[in-house]
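Trainee: Build the 3D model from these lines:
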Amino acid sequence: MLSPTDWQRVYDFWFPASLSRADAASQWRRLEWWMRGGATPELPPFIDLVQAARSDVLDRWLEVPHGRLCLIILLDQFPRGLFGGTPDAFASDTDALRIAEEGFRNGHFEALADPWERFFFFLPLAHAEGPDHLDRMRRVVVISERVADQAPENLRPIWEFSLKQARDNFTVISKFGRFPHRNSVLGRLSTPAEEVYLAKGDFVHQRELPTFASE
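Mentor: Residues are numbered from 1 along each chain as shown. Down below sits the predicted model:
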């Protein structure tokens, strides 16, 4: 039987206790772990929680900011590792977006103090395709600009990289209205312009972190 505080298991897995006081090199490594598949081998034990989240079994988590954040992570981040290369990787994007947008309206986003917590809270705005995608990407850029401006000097390169990713994704959505790299997975036909883009293979989500990030 799941309890309203079971979100702590997800939180502790995703955000190690030492992260907030870690040096820049350690935070770069954590970013690589999050964004470049490092977490994927460790995700299978969470598949039942992902399915529970998709079935609205975990809605009690929405009562507190960190519970909402963990539900977003279950719906937005974990499927990309667990179901990568299949439509299921994106199947709960709209649910994650809805939960995030509710959190912006009810103050849960502002209640989070840690920049990494806020980062994962707003990612569904960038990930979920839809008619308002460009407006949401514009919001992501604005939030990312604010975080980069406020970051400590030693961490600024991390958040400037994140800002560049947000701006580049904004460019992709401005041009295509969707992420063309998902077309083959989702069984969508690519437009001629998208075929040119796909042939280049320069996808924002696959770009290497700057060299100094891993030094």
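
Trainee: Count the residues that sit near the nearest residue to L186 once chain neighbours are set aside.
Mentor: Take L186 and drop its neighbours on the chain: the residue closest to it by Cβ to Cβ, 6 or more residues apart in numbering is P87, 5.6 Å away. (Each C-beta comes from the backbone N, C-alpha and C, glycine too.) The local packing of P87 (other Cβ atoms under 10 Å) involves 11 other residues.

Trainee: What pLDDT does the model give P87?
Mentor: Predicted confidence (pLDDT) for P87: 97.

Trainee: isn't it right next to V185, touching?
Mentor: Yes: taking contacts as Cβ atoms under 8 Å, P87 lies within contact range of V185: 6.1 Å.

Trainee: For the protein, give me the ranges with low pLDDT.
Mentor: Residues of the chain meeting the criterion pLDDT under 70: 1-5, 211-215.

Trainee: Please enumerate the helices of it.
Mentor: Counting by DSSP state H, the chain has helices at residues 7-14, 24-35, 47-54, 65-76, 78-82, 93-106, 108-111, 115-127, 133-150, 156-176, 183-186, 192-200.

Trainee: Among those, which comes closest to P210?
Mentor: Proximity of the helices of the chain to P210 was assessed by Cβ to Cβ; the nearest stretch is helix 156-176, lying at 6.2 Å.

Trainee: Are there helices or strands packed against that closest one, and which ones?
Mentor: helix 24-35, helix 115-127, helix 133-150, helix 192-200 (3 or more Cβ pairs under 8 Å, 6 or more residues apart in numbering; DSSP states H and E).

Trainee: Export these as TSV, with columns for mean neighbour count and distance to I72.
Mentor: Below are the helices and strands packed on helix 156-176 laid out as TSV (neighbours: other Cβ atoms under 10 Å; distance: least, Cβ to Cβ, whole Å):
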stretch	mean neighbour count	distance to I72
helix 24-35	17	14
helix 115-127	21	6
helix 133-150	17	14
helix 192-200	12	29
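
Trainee: for those, which one sits closest to P65?
Mentor: Taking those one by one with Cβ to Cβ, helix 115-127 is closest: 8.4 Å.

Trainee: So for G177, what's the nearest residue that isn't a sequence neighbour?
Mentor: H133 (6.8 Å).

Trainee: And the residue nearest the centre of the chain?
Mentor: Among the residues of the chain, the one closest to the centroid is L123, at 3.8 Å (Cα atoms, centre = their mean).

Trainee: if I pick that one, what's in contact with it?
Mentor: Shown in contact with L123 (Cβ atoms under 8 Å, 6 or more residues apart in numbering): I72, D76, Q77, A100.

Trainee: Out of those, which is nearest to E208?
Mentor: Q77 (20.0 Å).

Trainee: Skip the chain neighbours and tell me the closest residue to the closest one.
Mentor: Q77 sits nearest to F120 (Cβ to Cβ, 6+ apart), 6.7 Å away.
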